[in-house]
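Trainee: quick one, structure for this:
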Amino acid sequence: MGWISSDNEHEGWAAPEAPDGRHSGSSSSAGMHVKGITGRWPRDPQLDGYEIVPDKDIVGWRGVCECGWRGELWERAQTLAAADLDRRRDYVAPEDFADASPQVEDAIHEEWKAHIAPSEAVLGVEAAARDHKQAGARLDKTVAAARAAGASWADIGRAVGISRQSAHERWSTQ
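Mentor: Numbers count the residues shown, from 1 in each chain. Next comes the predicted model:
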């Protein structure tokens, strides 16, 4: 399962990693589909230019994003005793599907969210800038309406929190 940023510019997921460093975005009962042909694994009969890496050969998982970001590797431990999430190691039995465990997927999701945090924050800046521009236009219109109704520059300045002269300089030409 993948994640999409608020601006739809980033799509990330916990990707199984093949021994040669390639990542999978999908799987089947035969294994993980990885782009590229090395000749080491069978070609995917459904996807041209892909191989199927058996689940038992997957070496770990990492966060990946369509923008090119790659997180650190979560290693696949060879035994249950070797699993240690604090050291980025998790055990998935060789006969099981090589999907990341829920704990590893959650950790990778947090890493991906840290990756997109700057762009998510910029979305907030963009929204605030739009609000500011709209508020400014609304203020300009209400000042014009107040002047048309006979309000003085002193009254308008007081309402806005600036001097009469500043109000006059800002809106007298509108």
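
Trainee: in the chain, where is pLDDT below threshold?
Mentor: 1 (pLDDT under 70).

Trainee: ok, the residue of the chain most remote from its centre - contacts?
Mentor: In the chain, the greatest distance from the average C-alpha position (C-alpha atoms, centre = their mean) is reached by residue 150, at 52.0 Å. Not one residue lies near residue 150 by C-beta atoms under 8 Å, 6 or more residues apart in numbering. For glycine as for every other residue, the C-beta is placed from the backbone atoms N, C-alpha and C.

Trainee: swap in residue 19?
Mentor: Residue 19 touches 57, 59, counting by C-beta under 8 Å, 6+ apart.

Trainee: the longest helix in the protein is where?
Mentor: Looking across the chain with DSSP state H, the single longest helix is helix 102-148.

Trainee: what is that helix packed up against?
Mentor: Other helices and strands packing on helix 102-148, by 3 or more C-beta pairs under 8 Å, 6 or more residues apart in numbering; DSSP states H and E, are strand 2-4, strand 11-17, strand 60-65, strand 74-77, helix 153-160, helix 164-171.

Trainee: with distance to residue 119 added, can I get these in CSV?
Mentor: Formatted as CSV, the helices and strands packed on helix 102-148 follow (distance: least, C-beta to C-beta, whole Å):
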stretch, distance to residue 119
strand 2-4, 12
strand 11-17, 12
strand 60-65, 11
strand 74-77, 24
helix 153-160, 35
helix 164-171, 34
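
Trainee: residue 14 and residue 138: what is the separation?
Mentor: Distance from residue 14 to residue 138, counting by C-beta to C-beta, to the nearest Å: 46 Å.

Trainee: so for the two, which sits in the more crowded spot?
Mentor: residue 14 (26 against 10; other C-beta atoms under 10 Å).

Trainee: quick check: bridge partners of that one?
Mentor: Taking DSSP bridges as the rule, residue 14 bridges to residue 63.

Trainee: how much space separates it from residue 78?
Mentor: The gap separating residue 14 from residue 78 is 20 Å, by C-beta to C-beta.

Trainee: contact partners for the spatially closest residue to residue 66 that is not a sequence neighbour?
Mentor: The shortest distance from residue 66 to any non-neighbouring residue, by C-beta to C-beta, 6 or more residues apart in numbering, is to residue 11 (4.5 Å). Contacts for residue 11 (C-beta under 8 Å, 6+ apart) come out as 2, 3, 4, 5, 65, 66.

Trainee: pretty sure the last one is touching residue 5, no?
Mentor: In other words, residue 66. No - contact criterion C-beta atoms under 8 Å: residue 66 and residue 5 do not qualify, at 9.7 Å.
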